[in-house]
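1. below: sequence and its predicted model.
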Amino acid sequence: MAVALLTGCATLPSSGPTGGQITRSVNDPASQVPFRIVELDSMAALPAASKRPAVFQPDYSPPPTDLIGSGDQLEIAIYEAGVALFGGGTSRMIGAAASGGDSASQVERFPTLRVDDSGYIRLPYAGRIRAAGATTGELAQAIRRAYRGMSQDPQVLVSLRESVNNSVIIGGEVARPGRLVLTTNRETVSDVIALAGGYRGEAKDLTVRIDRQGTFSDFRLSDLLTGETGMRIFPGDKLSLVRAPRTFAVMGAPGRVEQIPFSGPGLSLAEALALAGGANPNVGDPAAVFVFRFERAGDKDEPVVYHLNMMKAGGYFVAQRFMMTDKDVLYIGNARANQPSKLVQIISQLFSPIVSITALNNSLKN
């Protein structure tokens, strides 16, 4: 009978492996997914915090706010004194004319000019002039040189009517998506979101995706808002706020399989265990708490399992410092000592109908 009971324990239904089975599977040569186990037995064993991509370097030097680029719309005015190249312009007294002299100047205002895809504009008599990559002052000097010899000391004013080069595109979970012109070129992510009317939803559930010259990087909005320094935004960046709540899965001895959202911007292992209900006192093993996750190692993802023994008092302090990441799997192992009790429960369930019928017959006889 004892041998039969012990044999039956190995075949009882279970919610997953025990802690010992997980530990032994590391050295199993037949394992299709090799992984390594990290023992969380001290504060020194905690994983290092992830680093931001190097593409968002803090030593960024912002370009001039009046830098011209393809697609920008310009307003150009040319002031001429004496013999004017452009006739029919609006006369305006400047210089000596303002003090009662005979000298007058004429101003020629061109229709709004768009910088073409090649970065050029076209002006009468001057032809094509390179505009992209120059400031408004530099373009004014280039136009003045182009008219030298055709006009008597022309003065040129160039202003940006609509700037495409000095703007960003923002979309997703914001109040007013669209194009935003950067007025200082020192705006941060939070500045741009505020200019777009603010974000919708909770910051902890939003991811900021930044496209910078074809390089994509994702950041949690809550991390950016709580950082000591804001992340600088470049002209030409494309931002999108995507609703992507962080979650972790709980499996094993708690007796339920559930996906639980993070309750705040950050979530410790201790908080995750509390949300999961902790180890079931009937079947769970507090010494077999595991966190399964993928970690980036070079150019590939490496499966790593973190093991915490909650039967040791120090484990509770480590659990407060171990931070969960998105899509972690929290597993609480089954206690081996509970297997015989499961068998007894199954046997009692099998014989309970017989006991009930016998008790009913005895009551009828009496």
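-> Looks like it came in fine. Numbers count the residues shown, from 1 in each chain.
2. rest of the way, CA atoms for contacts and neighbours
-> Will do.
3. which element, helix or strand, includes the residue nearest in space to the middle of the chain?
-> The geometric centre of the chain, computed from its C-alpha atoms, lies nearest to Phe219 (Cα atoms, centre = their mean), at 2.3 Å. Here Phe219 sits within strand 215-220, counting by DSSP states H and E.
4. surely the residue nearest to the centre of the chain meets Lys204?
-> No. Phe219 lies out of contact with Lys204 (Cα atoms under 8 Å); the separation is 10.9 Å.
5. number of nearby residues for Ile22?
-> 17 (other Cα atoms under 10 Å).
6. next helix or strand past the strand or helix carrying it?
-> Assessed by DSSP H and E, Ile22 sits inside helix 19-24. The element immediately downstream of helix 19-24 (helix or strand, assigned by DSSP H and E) is strand 36-39.
7. check which helices and strands the helix holding Ile22 is in contact with.
-> In terms of contacts (3 or more Cα pairs under 8 Å, 6 or more residues apart in numbering; DSSP states H and E), helix 19-24 is packed against strand 284-297.
8. now the strand it packs on: buried residues?
-> Of all the residues in strand 284-297, those buried under the rule 16 or more other Cα atoms under 10 Å are Gly284, Asp285, Pro286, Ala287, Ala288, Val289, Phe290, Val291, Phe292, Arg293.
9. nearest to Val158 among those?
-> Ranked by distance to Val158 (Cα to Cα), the buried residues of strand 284-297 are led by Arg293 at 56.9 Å.
10. distance from the chain centre to the next helix or strand after the strand holding Phe219, please.
-> Going down the chain from strand 215-220, the next helix or strand is helix 221-226, by DSSP H and E. Its chain's average C-alpha position is 9 Å from that of helix 221-226, according to Cα atoms, centre = their mean, to the nearest Å.
11. tell me how many other residues crowd Asn27.
-> The number of residues near Asn27, taken as other Cα under 10 Å, comes to 12.
12. kindly report the same for Phe110.
-> 13.
13. quick check: phi and psi at it.
-> Main-chain dihedrals, Phe110, degrees, to the nearest 10: phi -80, psi 150.
14. for the stretch 101-250 of the chain, which segments count as strands?
-> 105-109, 113-114, 120-123, 127-130, 155-162, 167-172, 178-181, 206-212, 215-220, 238-243, 247-252 (DSSP state E, counting those that start in this stretch).
15. format the ones you listed as CSV; extra columns: mean pLDDT and distance to Gly82.
-> Converted to CSV, these look like this (pLDDT from 0 to 100; distance: least, Cα to Cα, whole Å):
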stretch, mean pLDDT, distance to Gly82
strand 105-109, 85, 7
strand 113-114, 94, 26
strand 120-123, 95, 21
strand 127-130, 94, 23
strand 155-162, 92, 12
strand 167-172, 93, 40
strand 178-181, 91, 39
strand 206-212, 91, 50
strand 215-220, 86, 54
strand 238-243, 94, 49
strand 247-252, 91, 75
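16. make CSV from those and add distance to Arg148 to it.
-> Shown next, in CSV, are those (distance: least, Cα to Cα, whole Å):
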stretch, distance to Arg148
strand 105-109, 16
strand 113-114, 21
strand 120-123, 14
strand 127-130, 13
strand 155-162, 10
strand 167-172, 34
strand 178-181, 34
strand 206-212, 41
strand 215-220, 44
strand 238-243, 41
strand 247-252, 67
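17. between the ones you listed, which one is closest to Ser42.
-> Between those, strand 247-252 lies closest to Ser42; by Cα to Cα that is 23.4 Å.
18. can you pull the contacts of the residue nearest to Asn166 when sequence neighbours are not counted?
-> Nearest non-adjacent residue to Asn166, counting by Cα to Cα, 6 or more residues apart in numbering: Pro235, 5.0 Å away. Listed by Cα atoms under 8 Å, 6 or more residues apart in numbering, the contact set of Pro235 reads Asn165, Asn166, Ser167, Val168, Leu182, Asn185.
19. now the two most distant members of the residues you listed.
-> Asn165 and Asn185 (11.3 Å).
20. Glu271 should be in a strand, yeah?
-> No. Assessed with DSSP: H, G, I helix; E, B strand; the rest coil, Glu271 is helix; it does not lie in a strand.
21. just to revisit the earlier point, contact partners for the residue nearest to the centre of the chain?
-> Applying Cα under 8 Å, 6+ apart, we find Phe219 in contact with Thr207, Val208, Arg209.
22. try Glu302
-> Contacts for Glu302 (Cα under 8 Å, 6+ apart) come out as Phe35, Phe294, Glu295, Arg296.
23. got the residues you listed as CSV, with pLDDT and distance to Gly19 columns?
-> Shown next, in CSV, are the contacts of Glu302 (pLDDT from 0 to 100; distance: Cα to Cα, whole Å):
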residue, pLDDT, distance to Gly19
Phe35, 86, 15
Phe294, 92, 20
Glu295, 90, 22
Arg296, 83, 25
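24. out of those residues, who's nearest Thr215?
-> Thr215 lies nearest to Arg296 out of the contacts of Glu302, by Cα to Cα, at 18.1 Å.
25. how near is the nearest residue to the closest one once chain neighbours are set aside to Ala140?
-> What sits nearest to Arg296 in space, not counting adjacent residues and going by Cα to Cα, 6+ apart, is Glu302, at 6.1 Å. Separation of Glu302 from Ala140 (Cα to Cα, to the nearest Å): 57 Å.
26. same deal with Ala319?
-> Distance, Ala319 to Ala140, using Cα to Cα: 64 Å.
27. ditto for Ala313
-> From Ala313 over to Ala140 (counting by Cα to Cα), the distance is 74 Å.
28. neighbour count: those two, which is higher?
-> Shown here are Ala313 and Ala140; by other Cα under 10 Å, Ala140 has more neighbours (21 against 9).
29. next up, the contacts around that one.
-> Val156, Leu157, Val158.
30. likewise Leu239?
-> Val168, Ile169, Ile170, Gly171, Val208, Arg209, Ile210, Asp211.
31. right, I'll call it a day here.
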